[in-house]
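Undergrad: my questions are about this predicted structure, shown below with the sequence.
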Amino acid sequence: MTSQTLSQLLVLLLCGISSVRIFFIQDTRSDPIATVPSIAVVVSLMNILAFGCGPIECANLALSIFAFIINFRSLLRFRAKLVVDHYSILFVLSSILNLILAAVLLVFVLYYRPSKANLKKFNVRESSYSFYGNFSQGFKRIDKIFALNSALVKRYRALSPKSQDAATSAGDSASAEDENIVLFVPNECSAIQDYEPILVKLAHDGYTVYAADFFPEDLHWFNDWRDFKPFRRPLMRWAKLYNKKAYKEATMQKHQNLLDSYNSLAKMLDIKKGTFVFALSDDGLNDGGAVLHSASPDLIFGSFDIGDVPGNPTPGYGPVQQTDPIFARFLGLKRDRSLYMPSHIATVAEEKIRVTQEITAKVLGSKEN
């Protein structure tokens, strides 16, 4: 299971614990379980901040708030150190309703859980790095756990059995020292997690992949509160599907935003001169390769838009049949646990990378001669 699914299940577990006690607590006693719904509300809010304002996150927040409301009087009694000798009929019925809703959501979460690329099976290590800053002044890495960040970078790199210990000890560095590097920035409708099976497959096949989500103050899409991290992706998807005018207005600077993102990512990684770097995009940089190369001639050697892969059913969104089955239903598609399409997309991208490497080698060889 993904960390997002586990976080969703944690909220449901907390809500279930707060409701199921009506069947077990019979004697007069204090009621510390009344504090559990408060924890559920906090976890729900943290899930929204971490994973976005998705349907399940919103449903979990509503359920945890409902549990908090029906347990509010019990919480006050507990803080006043009063004991509970019985539960009212209204409280019992409300708790049963809360328990039923939690059970329904549990089935929904398990059925629509995203498919996860098994890092251990693919022998790939994932590392995450947080940065704070903006496009105009640059980004600096931050190490504080609860510090606000404006960029998240994830690295996917294959590990050989002999190099696992060494890689673990060096895993806290965000600098790029590999020979074949792939840069990827999701577009305005997606996030890194929507593409993870593709990125893991690329890493398994020998490429070091750096993927970044950017949320700096000078990255303008809607130019209002909708640019806030938890809301941007779902509202962009809604606009793209149901409000073409709003989407067109929001993406007028799309090309420049993506170019700024890729150039900032390259600078954040401190890539050595002469390193082969390939930029992948999804429905965002069809003609961006030349621009990227002119902006960073020593770094970017080519680009490819995976939205152009033949047979890709969801260009611009990532393989959501695997990574976001609920959204796939909105697109009229069924969930797919096979990971075939992410693997196919990665294979096509690798062929484009190999062709670019061959052309680059010939060009560099002719210059030396």
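TA: Arrived safely.
Undergrad: show me the shaky parts of this protein.
TA: Within the chain, the ranges that satisfy pLDDT under 70 run 25-29, 84-85, 145-147, 160-178, 284-298, 363-369.
Undergrad: break it into its domains for me.
TA: Using the TED database, the domain ranges for the chain come out as 3-112, 119-366.
Undergrad: could I get the ones you listed as TSV with mean neighbour count?
TA: C-beta coordinates here come from the backbone N, C-alpha and C atoms, glycine included. Formatted as TSV, the domains of the chain follow (neighbours: other Cβ atoms under 10 Å):
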stretch	mean neighbour count
domain 3-112	17
domain 119-366	18
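Undergrad: Q253 against F222, yeah?
TA: No - contact criterion Cβ atoms under 8 Å: Q253 and F222 do not qualify, at 11.2 Å.
Undergrad: need the helices for the stretch 101-250 of the chain, in chain order.
TA: Along the stretch 101-250 of the chain, counting by DSSP state H, counting those that start in this stretch, helices occupy 119-122, 164-169, 196-204, 229-242, 244-250.
Undergrad: among these, which comes closest to V42?
TA: Among the helices of the stretch 101-250 of the chain, the nearest to V42 by Cβ to Cβ is helix 229-242 (15.0 Å).
Undergrad: and the closest one, what does it pack onto?
TA: With contacts defined as 3 or more Cβ pairs under 8 Å, 6 or more residues apart in numbering; DSSP states H and E, helix 229-242 has these neighbours: helix 36-51, helix 244-250.
Undergrad: between helix 36-51 and it, find me the angle.
TA: Relative orientation of helix 229-242 and helix 36-51, computed by axes from the mean of the first three to the mean of the last three Cα atoms, to 10 degrees: 60 degrees.
Undergrad: mind checking the longest helix of the protein?
TA: helix 340-368 (DSSP state H).
Undergrad: off-centre distance for that one?
TA: Counting by Cα atoms, centre = their mean, to the nearest Å, helix 340-368 is centred 27 Å from the centre of its parent chain.
Undergrad: what's the answer for stretch 98-106, then?
TA: The answer for stretch 98-106 is 26 Å, by Cα atoms, centre = their mean.
Undergrad: pretty sure I306 is touching T347, no?
TA: No - with contacts counted by Cβ under 8 Å, I306 stays clear of T347, the gap being 10.9 Å.
Undergrad: who does the closest residue in space to D213 that isn't next to it in sequence bridge with?
TA: In this structure, D213 finds its nearest non-sequential neighbour in L152, 4.8 Å apart by Cβ to Cβ, 6 or more residues apart in numbering. Note on L152: beta-bridge partners by DSSP bridges are S130, D213.
Undergrad: OK, contacts around L152?
TA: S128, Y129, S130, F131, I192, A212, D213 (Cβ atoms under 8 Å, 6 or more residues apart in numbering).
Undergrad: between those residues, which sits nearest L10?
TA: S128 (19.6 Å).
Undergrad: the closest one: what's it in contact with?
TA: By Cβ under 8 Å, 6+ apart, the neighbours of S128 are L152, V153, K154, R155.
Undergrad: need these in JSON lines with distance to N98, can you?
TA: Output for the contacts of S128, formatted as JSON lines (distance: Cβ to Cβ, whole Å):
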{"residue": "L152", "distance to N98": "34"}
{"residue": "V153", "distance to N98": "40"}
{"residue": "K154", "distance to N98": "36"}
{"residue": "R155", "distance to N98": "41"}
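Undergrad: and the contacts of L152, which two are furthest apart?
TA: F131 and I192 (13.7 Å).
Undergrad: nearest to V41, of the helices of the stretch 101-250 of the chain?
TA: Ranking these by proximity to V41 (Cβ to Cβ) places helix 229-242 first, at 15.4 Å.
Undergrad: all strands of the stretch 51-200 of the chain, in order?
TA: For the stretch 51-200 of the chain, applying DSSP state E, counting those that start in this stretch gives strands covering 124-134, 138-142, 151-158, 180-184.
Undergrad: so for I359, which of those sits nearest?
TA: Among these, strand 180-184 comes nearest to I359, with 14.8 Å by Cβ to Cβ.
Undergrad: give me the residues contacting the closest one.
TA: 195, 199, 202, 206-212, 262, 265-266, 269, 271, 275-281, 300, 353, 357.
Undergrad: same thing but at 6 Å, please
TA: Under the criterion Cβ atoms under 6 Å, 6 or more residues apart in numbering, residues 202, 207-211, 262, 265, 276-280 lie in contact with strand 180-184.
Undergrad: narrow those to those in strands?
TA: The strands in this structure, assigned by DSSP state E, contain T208, V209, Y210, A211, F276, V277, F278, A279, L280 from the contacts of strand 180-184.
Undergrad: pull the contacting residues for W221.
TA: W221 touches E188, D227, A250, counting by Cβ under 6 Å, 6+ apart.
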